[in-house]
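In: Sequence and predicted structure, then a few things I'm wondering about:
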Amino acid sequence: IKIAKAMDQSQPNHHQLNVIFLPYPTPGHMNPMVDTARLFARHGASVTIITTIANASTLQKTIDSDFSSGHPIRTQVLQFPSAQVGLPDGVENIKDGTSPEMLGKINRGISILKDQIELLFQDLQPDCIVTDMGYPWTVESASKLGIPRLYFYSSSCFSNCASYFVRKYRPHDNLVSDTHKFTIPCLPQSIEMTPLQLADWIRTKDHAAAGFFEPMYESEKRSYGTLYNTFHELESDYEQLSKSTMGIKSWSVGPVSAWINKDDEKRANRGHIEDLAKEPEWLNWLNSRQNESVLYVSFGSLTRLPHAQIVELAHGLENSGHDFIWVIRKKDGDENGERFLHDFEQRMKESNKGCIIWNWAPQLLILDHPATGGIVTHCGWNSILESLNAGLPMITWPLFAEQFYNEKLLADVLKIGVPVGVKENKFWTSMGEEGAMVRREEIMKAVETLMGSSQESKEMRMRAKKLADAAKRTIEEGGHSYNNLIQLIDELKSLKISRELGKSRLDD
Ligand code: UDP
């Protein structure tokens, strides 16, 4: 019966809302979009996720399990042009780029798929496409098909607004130096930054990379609406501001991860191919620690820190006197780093003060573990939401892109973040090996503030817990995010019906 049921669902039925999701292959964009696609399928839409073979393999198990539970969701898989761009088989995700050259090739491979994706859109005849900001050309695809395109923005409303006003008014131009502060224009609160904390293509006029990024941002206003993985209670002022600024509809439907990844297996496998070991070392170690005593340290899915920074961080953590669990992504040809980290790992095992996870951590499980009491985060939006959902205060260590805006949201607006003091916005490939951006003393100080027993720390922890409660309520029936998702799906259904009525009138 199950198979018959599954076959019934394999093609969208005529009356069902047929939605295509097109994620950009990097975990920070793909995870929340796949979670959102799964939520659409839970709420009655027939969903197709377009991706490539290696990327599909990281989510197929979850999608198949949803499908066999009766939710109409599937992947439509394309072959990545590996040979054409000169990449080994299986390297199809930005997180697997271990050098600038590789990253360039992955991005080129993604852009080569455009024509095939357009053909798929025509074949699948969707009623709506939800696409990552990384595919600005889908505005035209949707317009040709006469259907809405939703722009999926995988960060905060706050950062979308802040970035918009900085790009529009360029308050950082003509300052005395790159380290002088400016105030971000048009925000309801006074938020200060320095030009060095902006992405270089925004900081410098006529930067070559602007040709790559500007069309992405610009495509938002030409979309039917924006979909945010955030929630009303978290940043309502900025949710409102983003609506009035962009002049299009928007829906906040987060936190999508907490909403859809309810069981441990799904949370462990999210966005990753390997199954969790039965009794992983990190879990045994965390089980042996006291509640809220461990600091989780992660720089997201992309960053590979320079050796000098790793050394400072290792000493900062060790000297802080607080227990930690640190996920480290390896870099090509870094023998020095490997030797140092090998010794460090040994020392931490002996003292039982810290645990290292290599390359990829089951982050959702670690954050929700009772022993975890805080996180050092690079301020990637997903990590922020996931930490917040677990009620954790954060040490903010932004690295690149819009992460410096997110730091401001955490530290200045929500007051649940302790900035470690990063001064410059840099992607890991341009960090160089000349020195550390953050010194061990600064790290120790931030860890003490967050994990110590000061009043400041207690208050931050309390605020984080309140937000975690709000995050849980918003995705329950009747909550803001819940209602937004239902209302969006209803609106898309009405648009489908109007379109079909229009068509049948023309046929008559
Ligand atoms: N992630 C994970 N394990 C890791 C590193 C990252 O599960 O070792 C997940 C994390 O839970 C999040 C995503 O990858 O969902 C990273 O997205 P984020 O926006 O935090 O940062 P980015 O990687 O895009 O910089």
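Out: Great, that's in hand.
In: Please go through the protein and pick out the longest helix.
Out: Taking DSSP state H as the criterion, the chain has its longest helix at helix 480-507.
In: Please name every helix or strand in contact with it.
Out: Secondary-structure packing of helix 480-507 (3 or more C-beta pairs under 8 Å, 6 or more residues apart in numbering; DSSP states H and E): helix 27-42, helix 232-246, strand 249-252, helix 455-474. C-beta here means a position set from N, CA and C on the backbone, and glycine is covered the same way.
In: List the buried residues for stretch 352-365?
Out: For stretch 352-365, the neighbour count (16 or more other C-beta atoms under 10 Å) marks 353-357, 361-365 as buried.
In: between the helices and strands packed on helix 480-507, which one is nearest to residue 212?
Out: Nearest of these to residue 212, taken as C-beta to C-beta: helix 27-42 at 15.3 Å.
In: after that closest one, next one along is what?
Out: Following helix 27-42 in sequence order, the next helix or strand is strand 46-52 (DSSP states H and E).
In: Hey, what's the angle from that following strand to helix 27-42? Just curious.
Out: 160 degrees (axes from the mean of the first three to the mean of the last three C-alpha atoms, to 10 degrees).
In: quick one on the thing from earlier: mind listing which of the buried residues of stretch 352-365 are in strands?
Out: Taking DSSP state E, the ones among these that sit in strands are 354-357.
In: got those residues as TSV, with pLDDT and distance to the ligand columns?
Out: What follows is those, written out as TSV (pLDDT from 0 to 100; distance: C-beta to the nearest ligand atom, whole Å):
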residue	pLDDT	distance to the ligand
354	97	16
355	96	13
356	95	12
357	95	7
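In: In contact with the residue in the stretch 251-400 of the chain positioned nearest to the ligand, which residues are there?
Out: With C-beta to the nearest ligand atom as the measure, residue 380 is the residue of the stretch 251-400 of the chain nearest to the ligand, at 2.3 Å. Each residue near residue 380 by C-beta atoms under 8 Å, 6 or more residues apart in numbering is listed here: 28, 300-301, 403, 406.
In: One more: residue 422?
Out: Residue 422 touches 197, 397-399, 404, 407, 437-438, counting by C-beta under 8 Å, 6+ apart.
In: just checking, residue 492 touches residue 148?
Out: Yes. Counting by C-beta atoms under 8 Å, residue 492 touches residue 148, with 6.9 Å between them.
In: what residues do those two have in common as contacts?
Out: Residues touching both residue 492 and residue 148 (C-beta under 8 Å, 6+ apart) are residue 128.
In: which regions of this structure lie under the pLDDT threshold?
Out: Within the chain, the segments meeting pLDDT under 70 span 1-14, 272-278, 332-334, 434-435.
In: who in it is up against the ligand?
Out: 27-28, 31, 271, 298, 300-302, 327, 360-361, 363, 380-383, 386 (C-beta under 6 Å from any ligand atom).
In: Got a quick PyMOL command for the buried subset of those residues?
Out: A single PyMOL command is used to select the members of the residues of the chain next to the ligand judged buried by 16+ other C-beta under 10 Å:
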select buried, resi 27+28+31+271+298+300+301+302+327+361+363+380+381+382+383+386
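In: Between all of the contacts of residue 380, which two are separated the most?
Out: 301 and 406, at 15.4 Å, using C-beta to C-beta across those.
In: Which members of the contacts of residue 380 occur in strands, if any?
Out: Of the contacts of residue 380, none are assigned to strands by DSSP E.
In: Okay, and which of those residues map to helices?
Out: Among the contacts of residue 380, the ones falling in helices (DSSP H) are 28, 403, 406.
In: how about the first one, what does it touch?
Out: Contacts here follow C-beta under 8 Å, 6+ apart; on that basis residue 28 touches 154, 300-302, 380-382.
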